[in-house]
Each structure stands twice: as structure tokens, then as C-alpha cells.
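In: sequence and predicted structure below; questions after.
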Amino acid sequence: MAALLAAFPALADRRFALVIGDSRGGPGTRPLHYAERDARRIHSILTRIGGVHEQDARLLTGASAGEVRAALGSLNAGIAAAKAAGEQTVLIVYYSGHAKDGELRLGDSILPMSELHNILADAPADVRIGLIDSCQSGAFLRAKGVRTAPAFDVQKALAASTRPRGLVLIASSSADEESQESDEIGASFFTHYLASGLLGDADASGDGKVTLAEAYAYAYARTVGETAETRAGAQHPVYLYDLGGAGDVVLTDLSPRGVLFFPPGDEGVYVVLDNSRRAIAEVAKPKGNERRLALARGDYVVKKRDGDSFLVGSFTVEELPVEVADSRLSRRPLSDDPQKGVSGPRWSLRSTGGGQFFFDSAARNGLFPPAALAGLETATRDDLGHSLAWGLDLSFGGGAATLNLPGVAPIDERFFEMSGGASLWRDFDLSDTWTASLGARVAFIYLVRSFPNHVELQNQSFFTFTPGLQAMLTWQFSNRFSALLRARLNYLFYNVDGSQNLGYAELAAGVEYAF
């Protein structure tokens, strides 16, 4: 196969991609945890090392069936224009989400698998590739032509002067199987191993290129192996292969990128985690073979299970290859595993500034005037479960105001406030960099009032516990730093000058640092 491929430039054709992820499946389905994250991973790989230019790629998350049809129409128009200019073309369509009764479930809308099959079959691209990761996705291929063998038969006696042409459809499971997600790897099994293969672990020939056949064979073997003992049972990817011409299709080119290099002398299964401690790839390396993973610039953690302990090390990927040898890894007890659940406990520290105001107008006019607050917080994610987080916070603030009481001249006051609390919330990934969070908080508030121009008045202090709700929006703008906006709604019972139930809000902005 390597000889056949050598006759062609690896990624010289014009490539188009539609990548779809949808966690919603409409009535009768449960939301998926990782479908949209899986789609973003595949989109990133295809546009970074898969030869797909950003302008020729479409990433749809939470889209309707109509939006999918419109995106396919737009890409087909671009493909037709490229072919008219004499370019060879490839179209890749990836879907991760719900499927049921022969239909892709896109929220409350439906796209029949047969319709998507026909769109791909009739698309003007020279090569059309469909990748479907959903339950019972084997129905997408129809009964005729479906194969459950782990690899393609590409030994075709065809002229070496012709390039690959035709249709390839790959489904994550057979027509009567469930496609499974894993909290441990934070992805579906099939897409995780497909992504690992495309990043380089499927490069069985060692030529720095991952072909369609290599990617499928790798994803098949790892998916079947890792799901064999799950509750749902082994999951078997299937394919329909109708590709003519010479050789196979190269999906990713590893050679010009910064890579993690795994030398021949070591062996085992290595897991690569990103800066958020989420698994992004695996390397299953036999002794005597080398492996390369083409990764984006950034910081990564590599770990390898070894008996009742594990080896772990941190690496920074830039332009030059970085060697990951066992001799460069540190041995740790399993209790120190940086990946627990989806990503292990991830600690962070926040600095915030904002303000507080009470909804009751009488309170705002004296007893509880608006206050400026500055705070420091610590939080940990994925310690209690997938996407769950908890944190502790402490803030200080205060100001000056005029207290207006009936029948009394205005009284100048100064006040100091301290509050602290514990919060529990759930994160919802909106994209690779944006996260929304919703949760609850229990806190205390301590307020001291003094009257500097009225020595006859004694200082007052007030302490109580306050339950509340909070919402937050976070933007990760670098490997470790994020910006955040947060709103809290709180309630307290006040019984100093009189019994009152009061509601108040806190608004804050800040910066978060992830360890």
C-alpha cells in the first residue's frame, strides 16, 4: 500500500468537511454528554492536519436538519466550483449524536439516514466519506455491502494512473448495537479511537500519513477491545467501501507538525491529556515500533498504567518533535492519577470584583446600600462527577451611604461587609473555549455599620446565612487563564431594626487560573 500511495501527493486535493454534533435527541432520548465535544475534536483535526481549509469546513452543533441540508448544499456548490477549476475533491461528513428508527435526531428535527446516504452518493466530490457515530448507525449503510471485518480490501488491480474515487461509509456500530460513551475518556469510544488514530497512532506503516484504511482498522480494533466488557457489550464499527482507483485516501499528514514522539524501545498504552486533564488521544505502542502524535501547540500530560502504579510526565509541544520515553516519566501511585472520571479533579483559583445590591428600595436607601466587593475563590471540577464542580469563596467590601429613617434627619454611615460561601454547580460546554455554569450556593454575610458623625450612635453588626442561586459564563483565552462573568441571587432574613425578608443580587467579573 505504501508503494501505491507514494505515487500521489498526500493531501494535494481540495477537501471539504461538514462536522455535526448534537447532544439532544428530542422526545424519548437522554442528552448525550460528549457528542458536541467529539464533533469539535474531529473538526480541529481535519482543519489542522487533515488538509481541510477553514473556509471549506462547517462545524454545526445543536443545529436543525434544515441547517444540515443547507450546509451540505453550500459545500456541494463549493465542490462543483473546485471541480470546474480542475481540482480533485474530497467531501467528509461526520455526525455524532442520536439516531433512532433509521433517522438522525437533531434536537426536535429529523434527518433520515437514507436521505443523507443519497446526498453523499450524489455529491459531486471525487471521494465522499461519511462517518456516523450514533446508536444503530449501521442502518446508515443499508444491508447490502455492509462489512464487519476490521479492515478495507484495497488490493485492487487498477491502473496506477488513476486516483481514488467513490464512496466510503463508516458507522460506529452495527444496525442493532448501541454506540457507547465513556466518562473515563470523556468521549464516545469510537470517536475517541478514531481521533487517536488520525492524530498518528493508526500510522501502522510509519510513513507519517494516516490512511482511511489505517484509521478504520485502528478504530475498529480499539473500539471492540475497549467495549468488550462494558454493560452494553462489544460495539462493532461497520463500513461500506466502494472506492475505485489506485491506493487509499490519506486522511491526515503528520510530518509537518509539532509532534509527541514515542521511541521504539518502549511499549504500552499511553494516554495523552490536555491542559484541562481531558483525554484527547491514546497511543497503543508495541515494542520495536515508533509512534508520532501530531498535536496542536500547548502543554500536555502523558501517562501510562504500569501494574499498581503509573508513569506520568508533562510535555510542551511546539514546532520540533518532543520525545516521550519511559525514562522521562515519573512513577506515581494510582491515587495520584491526573485523570479521574472524565478528567480528574481540576483545581483553579479566581480573583473577582463586582458589586452587590438589594431589591428592596428601603434597604437600598440605608440599611443595605449598594456595595463594592472584591473576592478570592478556589474551585475544583470533575471531583464529584462529570461536569460537576464545587468551590469556596471569600469576599470583602463596603462603602459609605446616608441612612434615611422616618422622622429622623439623614445619618451618614460607613459600612464594612464580609461574606463567604460554598457553591455547587454544573458546567455546560458551549464550545472549546466557552462554558456556561448553573448552580446553588450557601453563604454567610457579616455587616458592620458605623456612624462617624454621630458619636451617640453605637456601631451595629449583623450576621446571617443566605441561600442562593448562581449562573456563570467563562471564556478560556489561554491554556490556563479564563475570564468569567457571574450573577448570584440570594435571600436573607433580617431582624435587627425590624423583621424583614430581603433578596439581593451580586454581579462579578474576574480571572481564573487553572493549575
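Out: That came in fine, so what should we check first?
In: okay, and the beta partners of Gly375?
Out: Thr352, Ser395 (DSSP bridges).
In: hang on, it packs against Asp393?
Out: Yes: if you go by C-beta atoms under 8 Å, Gly375 and Asp393 touch, sitting 5.7 Å apart. Where you see a C-beta, it was placed from the backbone N, CA and C, and this is true even at glycine.
In: common neighbours of the two, please.
Out: Arg350 (C-beta atoms under 8 Å, 6 or more residues apart in numbering).
In: the stretch 51-200 of the chain: helices as residue ranges?
Out: 65-84, 113-122, 189-196 (DSSP state H, counting those that start in this stretch).
In: any chance of those in a markdown table, plus distance to Gly208, mean pLDDT and mean neighbour count?
Out: Output for the helices of the stretch 51-200 of the chain, formatted as a markdown table (distance: least, C-beta to C-beta, whole Å; pLDDT from 0 to 100; neighbours: other C-beta atoms under 10 Å):
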| stretch | distance to Gly208 | mean pLDDT | mean neighbour count |
| --- | --- | --- | --- |
| helix 65-84 | 26 | 95 | 16 |
| helix 113-122 | 29 | 91 | 17 |
| helix 189-196 | 16 | 93 | 27 |
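In: in a markdown table, list those helices along with distance to Ser351.
Out: Below are the helices of the stretch 51-200 of the chain laid out as a markdown table (distance: least, C-beta to C-beta, whole Å):
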| stretch | distance to Ser351 |
| --- | --- |
| helix 65-84 | 40 |
| helix 113-122 | 48 |
| helix 189-196 | 35 |
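In: out of those helices, which is closest to Gln55?
Out: helix 65-84 (8.5 Å; C-beta to C-beta).
In: contacts only, for Ala195.
Out: 38, 41-42, 45, 187, 280-281.
In: can you rerun that using 6 Å?
Out: Applying C-beta atoms under 6 Å, 6 or more residues apart in numbering to Ala195 gives the contacts Arg41.
In: now the lengthiest strand in the chain, how far from the centre of its chain.
Out: Using DSSP state E, we find that the single longest strand of the chain is strand 411-429. In terms of C-alpha atoms, centre = their mean, to the nearest Å, the centre of strand 411-429 is found 30 Å from the chain centre.
In: what of stretch 114-122?
Out: Relative to its chain's centre, stretch 114-122 lies at 29 Å (C-alpha atoms, centre = their mean).
In: so what touches that stretch?
Out: Stretch 114-122 is touched from outside by 72, 128, 130, 167, with contacts defined as C-beta under 6 Å, 6+ apart.
In: which one of these is nearest to Ile110?
Out: Of all these, Leu72 has the smallest distance to Ile110: 15.5 Å, by C-beta to C-beta.
In: with adjacent residues omitted, what lies nearest to the closest one?
Out: Ile119 (5.7 Å; C-beta to C-beta, 6 or more residues apart in numbering).
In: cool, Glu103 as well?
Out: Ile110 (4.7 Å).
In: after the worst-scoring helix or strand of the chain on mean pLDDT, which helix or strand is next? Please name it.
Out: Within the chain, no helix or strand scores below helix 2-5, which has a mean of 34 by mean pLDDT, DSSP states H and E. Next helix or strand after helix 2-5 toward the C-terminus (DSSP states H and E): strand 14-21.
In: what angle separates that following strand from helix 189-196?
Out: Here the directions of strand 14-21 and helix 189-196 differ by 150 degrees (axes from the mean of the first three to the mean of the last three C-alpha atoms, to 10 degrees).
In: for strand 14-21, packing partners?
Out: With contacts taken as 3 or more C-beta pairs under 6 Å, 6 or more residues apart in numbering; DSSP states H and E, strand 14-21 sits against helix 35-49, strand 52-61, helix 65-84, strand 89-96.
In: and for that strand, what's in contact with it?
Out: Contacts of strand 14-21 (C-beta under 6 Å, 6+ apart): 35-36, 39, 42-43, 46, 51-52, 56-61, 71, 75, 79, 82, 87, 89-96.
In: quick one: distance of that strand to the chain centre.
Out: Put simply, strand 14-21 sits 18 Å off its chain's centre (C-alpha atoms, centre = their mean).
In: and that strand, C-alpha only, in CSV?
Out: Provided in CSV are the C-alpha atoms of strand 14-21 (Å, rounded to 0.1, in the frame of the first residue of the first chain):
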residue,chain,number,x,y,z
ARG,A,14,-9.2,20.1,-2.3
ARG,A,15,-11.0,18.9,0.8
PHE,A,16,-14.4,19.9,2.2
ALA,A,17,-15.9,18.8,5.6
LEU,A,18,-19.2,19.0,7.4
VAL,A,19,-18.9,18.1,11.1
ILE,A,20,-22.1,17.8,13.1
GLY,A,21,-22.5,17.2,16.8
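In: quick revisit: next, the buried residues of the longest strand of the chain.
Out: By neighbour count on 16 or more other C-beta atoms under 10 Å, the buried set for strand 411-429 is 411, 413, 415, 417-419, 421, 423, 425, 427, 429.
In: now flag whichever of the residues you listed is closest to Leu194.
Out: Leu194 has its nearest neighbour among these in Asp429, at 19.8 Å by C-beta to C-beta.
In: could you check how far the residue nearest to the closest one when sequence neighbours are not counted is from Arg37?
Out: Closest residue to Asp429 apart from its sequence neighbours, by C-beta to C-beta, 6+ apart: Thr435 at 5.6 Å. For Thr435, the distance to Arg37 equals 11 Å [C-beta to C-beta, to the nearest Å].
In: next one: Leu489
Out: Distance, Leu489 to Arg37, using C-beta to C-beta: 30 Å.
In: hang on, the earlier thing: of all the helices and strands packed on strand 14-21, which lies closest to Glu323?
Out: helix 35-49 (19.7 Å).
In: relative to strand 411-429, how tilted is the closest one?
Out: Helix 35-49 and strand 411-429 are oriented at 70 degrees to each other (the same axes, to 10 degrees).
In: state the mean pLDDT of helix 35-49.
Out: For helix 35-49, mean pLDDT rounds to 93.
In: which strands and helices sit next to that helix?
Out: Counting by 3+ C-beta pairs under 6 Å, 6+ apart, helix 35-49 packs on strand 14-21, strand 52-61, strand 89-96.
In: ok so, going back, more neighbours, Leu489 and Arg37?
Out: Taking neighbours as other C-beta atoms under 10 Å, Leu489 and Arg37 compare with Arg37 leading, 22 against 15.
In: enumerate every residue touching the residue nearest to Asp429.
Out: 427, 429, 474.
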